[in-house]
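Visitor: Pasting a predicted model and its sequence here:
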Amino acid sequence: MDQLGSNTNMDIEKESTTFDYSKRSQWLRAAVLGANDGLVSTASLMMGVGAVKHDVKAMILSGFAGMVAGACSMAIGEFVSVYSQYDIEVAQMERDSVEIEKEKLPSPIQAAAASALAFSAGAIVPLLAAAFVKEYKMRIIAVVVAVTVALMVFGWLGAALGKAPAVRSSARVLFGGWLAMAVTFGLTKLIGLYGL
């Protein structure tokens with residue numbers, strides 16, 4: 001009898017200390033994706049404009065427009081996606097003749113707000129890095145350095161929250177961000193030199 005009681009206590013302890021990290025995946029994916037998308041797309045847009053227009057005003061305005069447009073786009077996309085999920089879950093509950101518990105259903109407005117906020121949090125990094133640097137080359141360097149640090153932090157944060165390998169996650173996010181900025185800068189520079 002003592003052995004049985006001891007095993008039950010051990011099972012309860014295991015259950016209380018074990019956490020299913022896959023349950024975090026949906027909100028974690030949305031938050032990290034939103035912040036990373038805001039960071040990379042805004043920085044890339046600013047780098048592209050900076051490739052052909054060297055003044056700080058053009059870079060900041062393009063980055064700000066990118067932040068606003070991207071946050072709105074992410075919010076609308078998330079709202080539509082989560083509302084579709086909401087409709088499907090409600091329809092299934094009605095088919096199963098189950099009482100609809102609104103508090104257990106996903107919130108499209110909450111998801112949209114979180115997505116826009118995450119995008120904006122990422123987008124503000126290159127904007128702040130460029131805002132106070134007048135000299136062109138130093139401004140480009142400041143944006144690249146700030147974005148590099150933020151990409152590493154976002155990669156590490158996503159890995160830490162999901163209990164995944166941090167170095168691999170950070171490297172993947174970092175190299176993807178660098179590639180996006182380099183391609184945008186290079187192609188815009190080429191079009192600016194030869195296409196217009």
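Guide: Sure, I can see it.

Visitor: surely A51 meets K189?
Guide: Yes. Here A51 reaches K189: they are 4.0 Å apart, a contact under Cβ atoms under 8 Å. C-beta coordinates here come from the backbone N, C-alpha and C atoms, glycine included.

Visitor: Run through this structure and note the low-pLDDT ranges.
Guide: Across the chain, the ranges flagged by pLDDT under 70 are 1-29, 196.

Visitor: residue ranges of the helices in it, please?
Guide: All helices of the chain, identified by DSSP state H, fall at 2-17, 25-52, 56-95, 108-131, 136-162, 166-190.

Visitor: higher neighbour count, A51 and K189?
Guide: A side-by-side neighbour count of A51 and K189, using other Cβ atoms under 10 Å, places A51 first with 19 against 15.

Visitor: That one and A182: what is the separation?
Guide: Distance of A51 to A182, computed by Cβ to Cβ, to the nearest Å: 11 Å.

Visitor: do the same with I140
Guide: The spacing between I140 and A182, counted by Cβ to Cβ, is 12 Å.

Visitor: Of the two, which one has the most company?
Guide: Using other Cβ under 10 Å, the more surrounded residue of I140 and A182 is I140, with 21 against 13.
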